[in-house]
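J.: sequence and computational prediction follow.
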Amino acid sequence: MGLFGGKKETDFFKLLTDQATKTLEGVEALATYLETMDTADGQKVKEIETQADEIRRVLIEELNLTFVTPVDREDLFALSGAIDDVVDYANTTVYEFEIYRLQSADDHVKRLVQLLREQARELLNAVKTLDSYPRLANEHAVKAKKVENLMERAYRDALGELFLGTDTVHMLKMREIYRHLSNAADRGDKAADTIHSIVVKRGGS
């Protein structure tokens, strides 16, 4: 509540930062799970994804209740959604390993997750600086986009080696996992584009 009993102004930048923090935590937890293949580590990813979803729900509710927002509400909604999609894909990766009964992660999966973690870190840095230091935020967004380019190459390398194999069922399973991780980076790229749009609109480019 405000000083005179009115609704306290919502800090959308903090909500986005909280979201981006959870996304990074989720990707880092995924990396740990892929090393240990421990069910408890996989559960940790799921818990973080649930926490991230809750933050997004709060942000959406606040958008619906707030008449004036610090940036275009469409951009806030899009950025929140793209950041959330990254951790959703991390969570999906755990489910796929469990459903497909895979016992270990190959080097390509680990490389893709390593890149996804780098991108998530850049997105967090971008969101943290978006309000006060928009030009710095834009620099981090550019770095996040560069990681997506590396991710695309790593994804193609993974597919190229995968289809040299002879186990068709295994190939289909791994293709889905590679694809989901690549899609996660695509959503990170979308988040970076939205950050750039916000910076331009605020005159900070």
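T.: Arrived safely, thanks for sending. Residues are numbered from 1 along each chain as shown.
J.: SS state for the spatially most central residue of the chain?
T.: By CA atoms, centre = their mean, the chain has its centre lying nearest to residue 86, at 2.8 Å. Under DSSP: H, G, I helix; E, B strand; the rest coil, residue 86 falls in the helix class.
J.: contacting residues for it?
T.: By CB atoms under 8 Å, 6 or more residues apart in numbering, the residues touching residue 86 are 23, 26-27, 116, 119-120, 123, 184, 187-188, 191. Where C-beta positions appear, they are placed from N, C-alpha and C, glycine not excepted.
J.: which pair of the residues you listed spans the longest distance?
T.: 26 and 191 (14.2 Å; CB to CB).
J.: more neighbours: which of those two?
T.: Set residue 26 next to residue 191 and count neighbours by other CB atoms under 10 Å: residue 191 wins out with 32 against 29.
J.: which ones are touching that one?
T.: 79, 82-83, 86, 123, 141, 144.
J.: what do you get for residue 25?
T.: So residue 25 contacts residue 48 (CB under 8 Å, 6+ apart).
J.: figure out the helix or strand that it lives in.
T.: helix 12-36 (DSSP states H and E).
J.: got the angle for the lengthiest helix in the chain vs helix 12-36?
T.: Ranked by residue count and defined by DSSP state H, the top helix of the chain is helix 168-201. If you take axes from the mean of the first three to the mean of the last three CA atoms, to 10 degrees, helix 168-201 sits at 160 degrees to helix 12-36.
J.: list the buried residues of helix 168-201.
T.: 173-174, 177-178, 180-199 (16 or more other CB atoms under 10 Å).
J.: and if you look at stretch 99-108?
T.: 102, 105-106, 108.
J.: got the confidence number for residue 201?
T.: pLDDT for residue 201: 87.
J.: that one against residue 70, yeah?
T.: No: counting by CB atoms under 8 Å, residue 201 stays clear of residue 70, with 10.8 Å between them.
J.: next, the buried residues of stretch 73-88.
T.: 76-88.
J.: ok, and the closest non-adjacent residue to residue 121?
T.: residue 24 (5.8 Å; CB to CB, 6 or more residues apart in numbering).
J.: and stretch 163-182, what's its mean pLDDT?
T.: pLDDT averaged over stretch 163-182 gives 94.
J.: give me the angle between the strand or helix carrying residue 97 and helix 168-201.
T.: Residue 97 belongs to helix 73-99 when assigned by DSSP H and E. Per the same axes, to 10 degrees, the angle that helix 73-99 makes with helix 168-201 is 160 degrees.
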